[in-house]
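Colleague: Here's a sequence, model it:
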Amino acid sequence: MNVTGRRAAGRPAPAMGVVLTLVLLLATPVALSAADPPATASEAVDRFEEVYRSIHDYQVRLYQWCRSGRRYERRIIDFYFKRPRRMRMDILTGNRPFDDGSVGLYLGGDKVVGRKGGILSAIVLTVNKYDAIATTVRGVTFDQSDLQGILDRLRNGFTIGEVELELRGGWYWLHILPHDPEGYRGVTRETVAFDPQTFLPIYSETFEGELQVEFARWTDYILNAGLPDELFRIRTESSILRSAGIRTIHGLPADETYFAP
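Modeller: Residues are numbered from 1 along each chain as shown. Presented below is the predicted three-dimensional model:
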């Protein structure tokens with residue numbers, strides 16, 4: 001754009017209709033994010049639930065770490081979800097034995113099906129969702145990891161304490177402040193940040209006092225791409241999506257810089 005307002009030599013002036021169209025296209029996202037922002041934490045959670053209810057399936061890259069005592073876990077995950085509530089995690093990299101290349105499935109109920117990576121990839125295990133090999137080191141289960149799980153924690157926050165809304169850095173931040181941290185896994189604050197355009201979670205952090213014990217960063221959301229049922233079979237490779245011409249996060253490079261707050 002010529003900020004002086006002069007037209008570059010040799011270029012015809014654009015038609016007024018084209019100019020107006022471009023202005024409207026550029027202005028629309030800003031107007032949508034600025035219009036009627038949530039005034040309370042409850043309104044923000046309602047907005048998130050409305051977005052979630054509109055999603056039939058989604059894919060997202062998850063950068064996650066957590067600690068419990070001396071145990072520490074760090075992973076980069078491709079996460080897939082399809083209604084009614086099927087989930088798949090492909091662990092691209094991780095610091096636990098045979099993490100790299102492992103796959104886990106949750107198809108409802110209390111069971112998780114999984115296979116490790118590397119030389120153990122031929123072995124398929126079915127375990128209770130609370131089993132240590134199916135949870136994080138802080139005991140977070142498969143069905144607490146999707147958008148429904150995040151929504152449930154936020155709703156529960158109003159019951160076990162307070163939920164505060166903050167607008168900072170262009171994001172909406174929801175802070176869960178439990179009245180009884182000891183009864184909430186020792187957590188004194190759990191925060192989820194939302195993109196103002198999509199109202200999808202993009203960042204999360206959890207603290208025990210001054211010590212941060214959990215971190216999550218969600219990137220590269222793909223919504224309603226039409227994930228096939230076949231993806232939620234333990235022997236199926238996620239590469240079938242690209243082969244079928246379905247837009248996918250599979251194959252995107254892992255960006256370690258997302259682990260920075």
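Colleague: Tell me which helix or strand residue 66 sits in.
Modeller: Counting by DSSP states H and E, the element that carries residue 66 is strand 57-68.
Colleague: by contact count, what packs against that strand?
Modeller: Using 3 or more Cβ pairs under 8 Å, 6 or more residues apart in numbering; DSSP states H and E as the contact criterion, the neighbours of strand 57-68 among helices and strands are strand 71-82, strand 211-223. Heads up, the C-betas are built off the backbone N, CA and C, glycines and all.
Colleague: tell me the average confidence for the next helix or strand after the longest one?
Modeller: Tracing the chain C-terminally past strand 211-223 and defining elements by DSSP H and E, one meets helix 240-243 next. Helix 240-243 shows a mean pLDDT of 97.
Colleague: Need the winner for burial among the helices and strands packed on strand 57-68.
Modeller: Among these, strand 71-82 has the highest mean neighbour count (mean count of other Cβ atoms under 10 Å), at a mean of 19.
Colleague: Can you dump the C-alpha atoms of it in CSV for me?
Modeller: The C-alpha trace of strand 71-82 is given here as CSV (Å, rounded to 0.1, in the frame of the first residue of the first chain):
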residue,chain,number,x,y,z
ARG,A,71,9.0,-37.2,37.7
TYR,A,72,9.0,-35.1,34.5
GLU,A,73,7.3,-35.7,31.2
ARG,A,74,7.7,-33.8,27.9
ARG,A,75,5.9,-34.6,24.6
ILE,A,76,4.9,-33.3,21.2
ILE,A,77,1.6,-34.9,20.1
ASP,A,78,-0.7,-34.9,17.1
PHE,A,79,-4.2,-35.0,18.6
TYR,A,80,-7.3,-36.1,16.7
PHE,A,81,-11.0,-35.9,17.8
LYS,A,82,-14.2,-37.1,16.3
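Colleague: is the residue nearest the centre of the chain in a bridge, and if so with what?
Modeller: The geometric centre of the chain, computed from its C-alpha atoms, lies nearest to residue 218 (Cα atoms, centre = their mean), at 3.9 Å. Beta-bridge partners recorded for residue 218 (DSSP bridges): residue 62.
Colleague: mind listing what it touches?
Modeller: In this structure, residue 218 makes contact with 60, 61, 62, 63, 200, 201, 202, 203, judged by Cβ atoms under 8 Å, 6 or more residues apart in numbering.
Colleague: Greatest separation within these: which pair is it?
Modeller: Checking those against each other with Cβ to Cβ, the farthest-apart pair comes out as 63 and 200, at 15.1 Å.
Colleague: got any ranges where the stretch 1-150 of the chain has weak pLDDT?
Modeller: Counting by pLDDT under 70, the stretch 1-150 of the chain shows low-confidence ranges at 1-35.
Colleague: mind listing the helices in it by residue range?
Modeller: With DSSP state H, counting those that start in this stretch applied, the stretch 1-150 of the chain shows helices at 16-34, 41-53, 147-160, listed in chain order.
Colleague: hmm, back to that, so between residue 63 and residue 200, which is more surrounded?
Modeller: residue 63 (23 against 18; other Cβ atoms under 10 Å).
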